[in-house]
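Student: any chance you could fold what I've pasted below:
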Amino acid sequence: MVNNEEALVIGAGAVSGVGVPFLVRKYYDVDESGRIRQFIPQLGAYGTPSALVGIGTGAAGIAVGMFGNKLGVRDNRIRTAAFAYGVSALASGLVSGFDPVQAIPAAAAHARVVSSAAASAPAMAQPRAAPSASAAPATPTAAITYRKPRTY
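Tutor: Numbers count the residues shown, from 1 in each chain. Next comes the predicted model:
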């Protein structure tokens, strides 16, 4: 039976193992021009940063979890967390390579930026009207003191 401390160690390792490749995928797989970054183009979709980070750190975590005694890691909690991290990071890296992030065409990315800048330009060019006393809000703002509980 797994006690609470061991379940917490396994859960923390597994959550961080999924989180690291996911964050790399979200913030680093697509560059500023909308193209997919690839460290090793010969690997295809598995050459993206998120797939390489997930597979590489996952394999390292599994190795530390399995052979930690021979590598000098004596604490059982660290080995357990490393093994949980490794399994979930390896799975996340494989999924990231199997289903890579979609690249945005450069023309579409450029058009999106230009259209949003063009849409806000007329609004910024208009002068602001001075506030008047009659422009008070229709209902006074008040702090929320009670919220009805949700019923599902």
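
Student: use CA for all of it now, contacts and neighbours both
Tutor: Noted.

Student: tally of neighbours for residue 22?
Tutor: Residue 22 has 21 neighbouring residues, counting by other Cα atoms under 10 Å.

Student: typed the wrong thing, it's residue 51
Tutor: 30.

Student: distance check, it against residue 76.
Tutor: Residue 51 is 28 Å from residue 76, where distance means Cα to Cα, to the nearest Å.

Student: residue 10 is in contact with residue 81, isn't it?
Tutor: Yes: counting by Cα atoms under 8 Å, residue 10 does reach residue 81; the two are 5.4 Å apart.

Student: more neighbours: which of these two?
Tutor: residue 81 (25 against 21).

Student: ok, that one touching residue 5?
Tutor: No: the pair residue 81 / residue 5 is not scored as a contact, 11.3 Å apart, by Cα under 8 Å.

Student: C-terminal to the longest helix seen in the chain, what's the next element?
Tutor: If you go by DSSP state H, the chain has its longest helix at helix 4-28. Sequence-wise, the next helix or strand downstream of helix 4-28 (DSSP states H and E) is helix 49-71.
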